[in-house]
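Enquirer: I need the structure of the sequence given here:
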Amino acid sequence: MKEAGKKLVIINTNEPDGKSFLEKRDFQFALNQPIYRAKFADVDWNMIDVWKNQGQSNNPDTELRIYDTFPEDIVEEYSKTFTKTHEQIPRGELQMQDMDYTPDYLRESHEKVVSTGRTRLTAVALEKSGRVSGFTYLSYSPTREPIIDQGLTAVLEEARGRKLGKWLKAVMLLEAKSRYLNITEVQTDIATSNA
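Expert: Predicted coordinates:
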């Protein structure tokens, strides 16, 4: 870090001990991301079907694809959208530079998830032009049952207002429910600044 001229370290933790450890070393708290859980038994599945149907009808020129492997066939466009949407995420007091999520970086990240025994499902909204306008992903691990982790859902600014995000969320929840029969809860986090 010194050789690269870096002056800021950003670390995240979900554990109280981790937070205490960092505070004792003068790390400053910058972004709060509470964890939320929804029990499948409490989900309004009729509403989820409405989200799915509205997404389909509002996006006739958009194909929704689900990948259970890395989306290699669209990796260039996926990389561009991943980078662009990350630039739009509210960061609270967190001061960090934008990052270029290259195909190699995303591929390596996916491989790390898989190497730990988890499965990553990725849903993408693909426009007729070939552009990826939105995405979401889930991480499943047999050791975390009955919980599945919902990762980032992101839609490009110019594609918002078409219920695309709800469509992506709905399709992934329905996929998780049908694919992983022992899952009874979905867990996600979101920055408080992104209410």
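Enquirer: wait, Val38 sits on Lys177?
Expert: Actually, residue 38 is Ala. It isn't Val. No. Checked against CB atoms under 8 Å, the pair Ala38 and Lys177 is beyond contact range at 11.6 Å. Heads up, the C-betas are built off the backbone N, CA and C, glycines and all.
Enquirer: more neighbours: those two, which one.
Expert: Remark: of Ala38 and Lys177, Lys177 carries more neighbours, 17 against 14, as counted by other CB atoms under 10 Å.
Enquirer: what about that one, is that helix, strand or coil?
Expert: helix (DSSP: H, G, I helix; E, B strand; the rest coil).
Enquirer: begin at 9, not 1, for the rest of this chat.
Expert: Okay, using 9 as the starting number, the last item reads as Lys185.
Enquirer: that one and Gln62: what is the separation?
Expert: 19 Å (CB to CB, to the nearest Å).
Enquirer: any idea how far Leu160 is from the residue lying closest to Glu165 once chain neighbours are set aside?
Expert: Nearest-residue entry for Glu165: Gln96, 6.2 Å, with adjacent residues in sequence omitted and distances by CB to CB, 6 or more residues apart in numbering. As for Gln96, its distance to Leu160 is 11 Å (criterion: CB to CB).
Enquirer: hang on, the earlier thing: how much space between the residue nearest to Glu165 and Glu183?
Expert: For Gln96, the distance to Glu183 - CB to CB - is 25 Å.
Enquirer: who has more neighbours out of those two?
Expert: Neighbour count, other CB under 10 Å: between Gln96 and Glu183, Glu183 has more, with 15 against 12.
Enquirer: fine by me, thanks again.
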